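Novice: Pasted the sequence and its predicted model underneath.
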Amino acid sequence: MLPHEIVSKYLAPNFRGLIAHNLVERGLGQFKIAKLMGLSQPMINKLLNKPTEYYLGQLESLGLSKDDVKRIVELAAFNLYEGKRFEYLTQISSYFNLILKEGRVCNFHRSVSPEVPPDCDLCQKLFQVVSDPIVEEIKASFQILISEKDAFKIIPEVGSNIVASPYNSISTEDIAGFSGKIVKVGEKIIALGEPVKGGSKHTANVLSIVKRKFPHINSAFVIKFSEECLNTMKKIGYNVITVGPHKDLSMQMRDLESALESTSMQPDAIADLGGLGIEPVIYVLSFSATEAVKKAFVCLQGK
């Protein structure tokens, strides 16, 4: 069996099912989804007859991480919903190439094709990754951010950033973020730079520390500190950890590590009280950058 057949027979159908479900959650009907995905309406109906957990289970059995799959599906559905079909095709194709190139489905491939030799490295040589799915995820999250007309109200005076990591790494070199700050200019939000791997230092360090303790957290979004925001988060059930105030900048990460050591419940946000020369901020955490931004929008309620 060719590597391409693994994609067409096992990967693509399950991803289609998850993307179809995601588009339904966004309020689209089956005919619209069929048009966006280039499928027939009966096929969409067939895909929706099986629950999302079925598709996630199938992909997990192939060797994929559920969290990673959810992130890719969220981004794919976002691109289709926004009418960005070329970006959708590029992203999904690149992700399938990445799966093959990194050998994530090698064991499954050998289980269905015993003729594949143990030392096979064909996919590593054959497939190229056109776009980085983590970088594309951050780009999509920024589009979600600037599409919210009141979002400038949650951008800190010191500036913000959105960072995201691969599901299987805590290295700051693998964490993507904007190379410059995200700032507000009047009622507009602009990014002073592009999202790249290693683009953020401080926020990437925060995410790396959090991810060591809670590996399902893959993204962090920095927003303005306010008691009103924290109260709203707690009211709707977010688990918020408070750190600081810090004696100085060198203690900030140590204080964060200490706060995380004392909790066993995965946080939704970290309220950093700042310190001398350090502006208080809130780090909103989630399994993906797009979800982190959407979670932060709860702080716009009533504004």
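Specialist: Happy to help now that I have it.

Novice: count of neighbours near the closest residue to residue 40 other than its chain neighbours?
Specialist: Closest residue in space to residue 40, ignoring its immediate chain neighbours: residue 34 at 5.9 Å, by CB to CB, 6 or more residues apart in numbering. For every residue, glycine as well, the C-beta is placed using N, CA and C. A total of 20 residues lie near residue 34 under the criterion other CB atoms under 10 Å.

Novice: cool, and the one 10 residues further on?
Specialist: Applying the criterion other CB under 10 Å, we find 25 residues in the vicinity of residue 44.

Novice: residues touching the residue nearest to residue 40, list them.
Specialist: Each residue near residue 34 by CB atoms under 8 Å, 6 or more residues apart in numbering is listed here: 40-41, 43-44.

Novice: for residue 165, same thing?
Specialist: Applying CB under 8 Å, 6+ apart, the residues contacting residue 165 are 134, 174-176, 204, 207-208, 211, 218-219.

Novice: In strands only, show me these.
Specialist: Members of these lying in strands (criterion: DSSP state E): 176, 219.

Novice: Checking the residue of the chain most remote from its centre next. Helix, strand or coil?
Specialist: Going by CA atoms, centre = their mean, the residue of the chain most distant from its centre is residue 115, 36.5 Å out. Secondary structure for residue 115, judged by DSSP: H, G, I helix; E, B strand; the rest coil, is coil.

Novice: Which residues does residue 243 form beta bridges with?
Specialist: With DSSP bridges as the criterion, residue 243 is bridged to residue 272.

Novice: What is the burial count for it?
Specialist: 21.

Novice: which residues does residue 219 contact?
Specialist: Residue 219 touches 137, 141, 162-165, 207, 285-289, 291-292, counting by CB under 8 Å, 6+ apart.

Novice: Let me know the closest of the residues you listed to residue 90.
Specialist: Ranked by distance to residue 90 (CB to CB), these are led by residue 137 at 13.2 Å.

Novice: ok so the closest one is a helix residue?
Specialist: Yes. Under three-state DSSP, residue 137 falls within a helix.

Novice: pLDDT averaged over stretch 84-96 - what is it?
Specialist: Throughout stretch 84-96, pLDDT has a mean value of 92.

Novice: per-residue pLDDT, the closest residue to residue 56 other than its chain neighbours?
Specialist: In space, and not counting its chain neighbours, residue 56 is closest to residue 66: 5.2 Å by CB to CB, 6+ apart. Residue 66 is assigned 91 on the pLDDT scale.

Novice: And residue 303, by the same measure?
Specialist: With respect to pLDDT, residue 303 scores 57.

Novice: where along the stretch 101-250 of the chain do the strands fall?
Specialist: Under the criterion DSSP state E, counting those that start in this stretch, the stretch 101-250 of the chain contains strands at 162-164, 176-178, 182-185, 188-191, 195-197, 219-224, 240-243.

Novice: Just list what whatever helix or strand comes next after the last one packs against, helices and strands only.
Specialist: The first helix or strand that comes after strand 240-243 along the chain, using DSSP states H and E, is helix 252-261. Helix 252-261 is packed against helix 202-213, strand 240-243, strand 269-272, with contacts defined by 3 or more CB pairs under 8 Å, 6 or more residues apart in numbering; DSSP states H and E.

Novice: among the ones you listed, which is the most enclosed?
Specialist: strand 269-272 (a mean of 24; mean count of other CB atoms under 10 Å).

Novice: Give me the domain ranges for the protein.
Specialist: 3-131, 134-300 (automatic domain parsing).
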